[in-house]
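fold the stuff below for me.
(2 chains)
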Amino acid sequence: MTMFLTIAVIVLIFVVIFQIAKASEYVAVLKGEEVSRKQNNKINGFLMIGFLVLGLIGVWYCNKLYYGKTLLPHDAASVEGARVDSMLWVTLAVTGIVFIITQILLFWFAYKYQENENRKVFYFPHNNKLEVIWTVIPAIALTVLVVIGLRNWFLFTGEPPQNAMVVEVTGKQFGWIYRYPGKDGAFGKKYYKNIDNATNSLGMIWEDELGHDDVVMEQTMYLVKGKPVKLVIGSRDVIHDVGLSHFRMKMDAVPGIPTTLWFTPKYTTKEMKEMTGNPNFQYEISCDQMCGNGHYSMKGVIEVVDQDEFDAWMIKQKAYYLTQFPDKDPANKPAADSTTKTAQVKPAVADKKTVVKL
Amino acid sequence: MSNEAVVHAHGAVAAHEVHGDHHHEHHHHETFISKYVFSQDHKMIAKQFLITGMVWAVLGGLMSVLFRLQLGYPDATFPWLEDILGKWAKGGRITPEAYYALVTTHGTVLVFFVLTAGLSGTFANFLIPLQIGARDMASPFMNMLSYWFFFAASIVMLSSMFVETGPFSGGWTAYPPLSALGDASPGSKTGMDLWLISMALFVVSSLLGGLNYIATVLNMRTKGMSMTRLPLTIWALFFTAVLGVLSFPVLFSGFILLIFDRNFGTSFYLSDIFINGVGALPNEGGSAILYQHLFWFLGHPEVYIILLPAMGMVSEILSINSRKPIFGYIAMIGSIFAITVLAFLVWAHHMFVTGLNPFLGSIFVLLTLLIAVPSAIKVFNWLTTLWRGNIRFTPAMMFAIGFVSLFISGGLTGIWLGNSALDIHLHDTYFVIAHFHIVMGVASMFGMFAGIYHWFPKMYARYLNNTMGYIHFWVTIAGAYLIFWPMHYQGLAGMPRRYYDYSIWESFKQFAELNRFISTVAMIVFAVQLLFLFNFFYSIFKGRKVTKQNPWDATTLEWTAPIHPGHGNWEGEIPEVHRWAYDYGKDGKDFIPQTTPVGADESHH
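Alright, predicted model coming up:
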C-alpha cells in the first residue's frame, strides 16, 4: 500500500513539473524568446553562484560529519603507514588548493560573465605565455608529488629489514590461512595438488622436514609490536587481496604467483582500543579483490602484541605436522603404544601421492 | 569528390556538384525498414545508438538503485523485490549472488553500452559528417553493421539476465580465475559465456564504427576544411576512434584466451588452483596477471574513449555559449593528442597492488601523473574561455559547466590514486568509486547530456523543454555531488568496494547512516533522469519547433544544413569552409560562420 502511495506521489510530482514546464514554454513564446531567455539566464547565473557557496559549505559540513569516522584522526598503525598518511596530507594540500581555486573561478566566471547586452566579449583565442605558465606549474607540482611517492614506493616494495619475521598468508574462498615458519625460520615446501581441506589445508609436502615445525592456523594472526613483518601472500583458488587499512597496506593474493608485503606494527591491539576509544577494536584483514559471492565476509583478524606475549602464545602452538601425525609428536609418546600408532598412520601417508614440484 | 561517390553508390539522395543554388531533390523510395531499421543514414544510426544507449542507461541505473537499496537498508525487506526478482530476492532481500550480478552488469553496461556506444556511437555518427561537411560516413553499410552488432551484443547481454545460474557476477573487469571457473562462482557459468559473447560482438561493433570514423575524418572533409579548422568535437571523436581501434583488439585477445581457458582446457590464466568441493585443478603454469595486462590495455584507454567525446562537445558548447572562441585551440588539440598517447602507457596503474615489478610500477606512476598536465591545460583553457565572455545559460551550457566542475573534482583525486604509494592504501576502496564515478561516469554523462540538449534541435527539428532541462541539471549535479563526495570519506576509512554488507566489520560499519542517505539521493537522481527521458520522447513529437536554421548562432557546418536534413545532409552543394570554427566575437561581430570567406579588412589572430 505504501508503495502505491509513493508511486502515486512521484507521478503527481512529475505531472506538476511537466505542467509548469509546459506553461513556462507557452509564456516564453508569448513574451518572446529573447526576453524569456534573458530571464532564465539571470536565474541560472544566480543559481551558479548559489551552488558554489552552498557547495563549499557542503564540503566543510561533510568533513565535519565524517572526518571522525575515517582512519585519519588516529595515527597510522604501522611505521610505513605514517608515511602514507603524511604523503596523503601533502597531496590533499596540493589538490585541495587547486580544487578550491578552479571551482571558484568556474562558478564565479559563470555568474560574472552571464549575458549582458552592454558587454563586448573579449576575442581571446590564445596566449602562449599563459599556456606555458599553466603547463609548467602543474608539471612542477606533480614532479614533487612523484618524488615523494616513489621514495615511499621503493621503501614499501623493497626488502624488509633484517630482523623481520615472516608469516605466510593464503587466501581461499572465503577465509585466510596463516603459516609461521617455526623455530627453523624456514617454510616447508608445498604443492597445491596435496591440498585436502581436512588434513592438509595448504598442500604441504610432508617429506620436506623444513615444514615439520611450521605452524598453521586460521582466523587470527599474531604479530609483534615494533617488529617488522614480511607477509608472503598467496591464494588457493581465485585472486584475493590482503587489505590492511589500519596499516595502510594492501597486496593481492594471486594463485600461482606469491607476492610479498612488509610493514612494522606500531601499536598493539590493546593500545589501539584505547586510542580509538572503541573497546571492540580489531585489526581486520579485509579481502579487497572481488572473489565470489562471499567476498564481503572474507575477514581475518590480526592481533598485535608485545614480544613477551607473542613468545608465550607461540610456545603453545603445535606444529601442523604434529597435529596431523600425532604419533610423531614427542609429547604423545608414552613409549608403549607408539609402535601401533605408527603402524596405523603409515598406510595413510603412503596413500597420499605427494608430487614434488621442481 | 568521394562524398558524392559514396552517396551515389548506395542510391540515396544525391546532389549535384555543378550548381550551388540549384535545389534538386530526388524522391527516393524509402520503406519503413530502410529508413528506421536498417538505415544507412548516419543521422538515423546515431539516433539508434542514442536510444539503445538510453534504454541501457535506464536499466543500468535501475540496477544501481536496486543494489543501493541493499547497501542503504541492509536489514530491511522489500516484498515487492521478490515479486520482481523472484529467487534472487528471497524474502524481499537481494541475495549476495544477485547483488554481485547487479554490480557487475551495472558496470559493464554503463561503461560499454552507455558511455561508449551511447556516447561516441551517437555523436561520432551524428556530428562527424555534419561538421566536416560530408554527405555520410565513408562506409554507410559498415556503419549500419556497427549498430546492429551493438544491438546483437545488447540482446545477448540482456538474455544473460535470465539464465538459471544468473548473469556474470565477478565484477565488470572479469578477472580470472574467478571469471574462468564456474565452480568458483555460479555467475561464471552460462552467464559468463553470454557475457563474453556479448562483449565480443561489442568489440566488433566498436571496431567497425571506429575505422569508419577515422576514414571519414581523414578523407571526406569538405573543401577548405583542413584538419586545423575542424571543430574540437571532431578532433576528440577522431582520437576516440583511434584509441578504440588500437586497444579493443587487445581486449578481444584477452577474451579469446579466457574462452579457451573456460572451454578448451588451456591454462593461459590458471595455475595452482584448488576449488572447495571440486579439488585441485590440472592447470599449471598460467598467469592470472596476464589477463589484467590485456584487460587494462583496453581498460585504461577505455576511460578516455568515454571522456574524450564529452571533452570535445563541452569545448564546443562552452565556446558557442560564451560567444567567445575556445581558448588555445591548438593547445586543446595537443592535449587531446597527449592524452591519447599517454592513455596507452598507463594501464598498469590499475595493477599497483598485484605484485608487479616495483620498478615497472614507478614508470607507470610517472606516466600516470603526467596525464594530469594535459588535463590541467584543458581545464584552464575552459576557464579562460568563460572569462570575459557573454554567457548564455542554455541547458546544454549548464551541463557543459557542470562537466568542467566534475572533471576538476574527479580528476584531482586521480593524482592521489595514480601515486602508487598512496594507491597501496586507497586501492579498491570507496575512494576509487568516488573518483571514477565523478570523473568518468557522471562527468561523461554530463557531456552526453550537454550534447543531447545542444544537438537535439538538429536531430529532431524541435527543442527540448528548457524548464525541465534546468530542473534536470540542478538536481543531477547536486545529487551527483551528494552521492559521490561523501564516498571519499568512506574510502579514507579503508572501506572496500563490492561488499554486500558491512555490518560484520568493526572497521567499516560506522557508515550505515551515510549509506542510507546516499541510497536515497541515488533514487531521487534516478527519478529525475526519468524526467529527462520523458522530456526527450515528449519533445520528439510535441516539442517547440525549430524555426531558425541556426538556433544557437553557431559557426559550424551542421547549422548550414536544412532544419530537417535528408539523407545526404545538404540539398545543394556541400558548403565550402574558409575559416576555423571559433570566430565568435571577432571584430565586433557576434559570430562568423565557417562558410564566410575571410574579408580583406579582417584582423588576424
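
need the strands for the chain, in chain order.
Let's take chain A. Taking DSSP state E to define them, one finds strands in chain A at A:165-172, A:175-180, A:215-218, A:220-224, A:229-235, A:240-244, A:249-253, A:259-263, A:283-287, A:299-305.

that's the wrong chain, I wanted chain B
Using DSSP E, the strands of chain B run over B:274-275, B:279-280.

quick one: strands adjacent to the first one?
For strand B:274-275, the paired strands and their directions (DSSP bridges) are strand B:279-280 (antiparallel).

quick revisit: any chance of the strands of chain B in a markdown table, plus mean neighbour count, mean pLDDT and distance to residue B:505?
For the C-beta atoms, the positions are set from N, CA and C on the backbone; glycine is no exception. Supplementary listing: the strands of chain B in a markdown table, determined by neighbours: other CB atoms under 10 Å in any protein chain shown; pLDDT from 0 to 100; distance: least, CB to CB, whole Å:
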| stretch | mean neighbour count | mean pLDDT | distance to residue B:505 |
| --- | --- | --- | --- |
| strand B:274-275 | 20 | 94 | 26 |
| strand B:279-280 | 16 | 92 | 31 |
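
residue B:334 touches residue B:381, doesn't it?
No: if you go by CB atoms under 8 Å, residue B:334 and residue B:381 don't touch, sitting 10.6 Å apart.

the more surrounded of the two?
Neighbour totals were compared for residue B:334 and residue B:381, and residue B:381 leads with 22 against 15 (other CB atoms under 10 Å in any protein chain shown).

gap between the more buried one and residue A:285?
Distance, residue B:381 to residue A:285, by CB to CB, to the nearest Å: 46 Å.

then residue B:400?
Separation of residue B:400 from residue A:285 (CB to CB) stands at 45 Å.

run through chain A and note the low-pLDDT ranges.
The model of chain A has pLDDT under 70 over residues A:333-358.

let's see that with 80 instead.
Applying pLDDT under 80 to chain A picks out residues A:1-3, A:33, A:331-358.

mind giving me the domain ranges of it?
Under the assignment automatic domain parsing, the domains of chain A span A:35-115+A:127-157, A:165-328.

most centrally placed residue in the chain?
Reading this off chain A. Centrality entry for chain A: nearest residue to the mean C-alpha point is residue A:243, 4.7 Å, by CA atoms, centre = their mean.

not quite, go with chain B.
Using CA atoms, centre = their mean, the most central residue of chain B is residue B:115, at 2.2 Å.

got the contact list for that one?
For residue B:115, the contact set (CB atoms under 8 Å, 6 or more residues apart in numbering or on different chains) comprises B:306, B:440-441, B:444-445, B:448.

can you name the residues that contact residue A:263?
Per CB under 8 Å, 6+ apart, neighbours of residue A:263: A:78-81, A:156, A:228-229, A:244, A:247, A:249.

now it. Nearest residue, chain neighbours left out?
residue A:78 (4.2 Å; CB to CB, 6 or more residues apart in numbering or on different chains).

same check on residue B:139?
That would be residue B:212: by CB to CB, 6+ apart, it lies 5.5 Å from residue B:139.

neighbours of residue B:319, how many?
Residue B:319 has 26 neighbours, counted by other CB under 10 Å.

so it sits right up against residue B:584, yeah?
Yes: assessed by CB under 8 Å, residue B:319 is found in contact with residue B:584 at 6.4 Å.

so residue B:327 is in contact with residue A:122, correct?
No: contact criterion CB under 8 Å: residue B:327 and residue A:122 do not qualify, at 10.4 Å.

quick one, which of those two is more surrounded?
residue B:327 (27 against 13).

what pLDDT is listed against the closest residue to chain A within the stretch 151-300 of chain B?
Of all residues in the stretch 151-300 of chain B, residue B:271 sits closest to chain A, at 3.2 Å by CB to the nearest CB. In the predicted model, residue B:271 carries a pLDDT score of 94.

setting aside sequence neighbours, what's the nearest residue to it?
Nearest to residue B:271 is residue A:256, by CB to CB, 6+ apart, at 3.2 Å.

now for that neighbour, how many residues are close by?
21.

who has more neighbours, residue B:400 and residue A:285?
residue B:400 (30 against 26).

list the contacts of that one.
Taking CB under 8 Å, 6+ apart, we find residue B:400 in contact with B:313-314, B:317-318, B:321, B:446-447, B:450.

what about it, distance to residue B:546?
20 Å.

tell me the contacts of residue B:437?
Residue B:437 makes contacts with B:410, B:483-484, B:487, as judged by CB under 8 Å, 6+ apart.

let's see 6 Å
When contacts are counted by CB atoms under 6 Å, 6 or more residues apart in numbering or on different chains, residue B:437 touches residue B:484.

which positions in the stretch 101-250 of chain A make contact with chain B?
Counting by CB under 6 Å from any CB of the partner chain, the positions of the stretch 101-250 of chain A adjacent to chain B are A:102, A:105-106, A:109-110, A:113-115, A:119, A:121-123, A:125-126, A:131, A:134-135, A:138-139, A:142, A:146, A:149-150, A:152-153, A:157, A:192-193, A:195, A:236-239, A:243, A:245, A:248, A:250.

of these, which belong to helices?
A:102, A:105-106, A:109-110, A:131, A:134-135, A:138-139, A:142, A:146, A:149-150, A:152-153, A:157 (DSSP state H).

show me just the buried residues among those.
Buried by 16 or more other CB atoms under 10 Å in any protein chain shown: A:102, A:105-106, A:109-110, A:131, A:134-135, A:138, A:142, A:146, A:149-150, A:152-153, A:157, out of these.

which two of those have the greatest separation?
A:110 and A:157 (44.8 Å; CB to CB).

could you measure from the residue nearest to the centre of chain B over to chain A?
From residue B:115 over to chain A the distance is 21 Å, taken as CB to the nearest CB, to the nearest Å.

give me the pLDDT value at that residue.
96.

and the residue in chain A positioned nearest to chain B, how many neighbours?
Nearest to chain B in chain A, going by CB to the nearest CB, is residue A:245, at a distance of 2.5 Å. Look at residue A:245: counted by other CB under 10 Å, it has 29 neighbours.

likewise residue B:510?
Count around residue B:510 with other CB under 10 Å applied: 18.

ditto for residue B:459
For residue B:459, using other CB under 10 Å, the count is 17.

contacts only, for it.
By CB under 6 Å, 6+ apart, the contact set of residue B:459 is empty.

let's see that with 7 Å instead.
Applying CB atoms under 7 Å, 6 or more residues apart in numbering or on different chains, one finds that residue B:459 lies in contact with B:47, B:126.

residue B:353 too?
Contacts of residue B:353 (CB under 7 Å, 6+ apart): A:241, A:250-252, B:424, B:427.

try 6 Å this time
Going by CB under 6 Å, 6+ apart, the list of residues near residue B:353 reads A:250-252, B:427.

residue ranges in chain B under the pLDDT threshold?
Ranges of chain B meeting pLDDT under 80: B:1-30, B:603-605.

do that again at 70, thanks
B:1-28, B:605.

count the residues that sit near the residue of it found nearest chain A.
Residue nearest to chain A within chain B (CB to the nearest CB): residue B:494, separated by 2.5 Å. The tally of other residues near residue B:494 (other CB under 10 Å) stands at 27.

tell me how far the residue nearest to it when sequence neighbours are not counted lies from residue B:234.
Excluding the flanking residues, the one nearest residue B:494 by CB to CB, 6+ apart is residue A:245, at 2.5 Å. As judged by CB to CB, residue A:245 and residue B:234 stand 46 Å apart.
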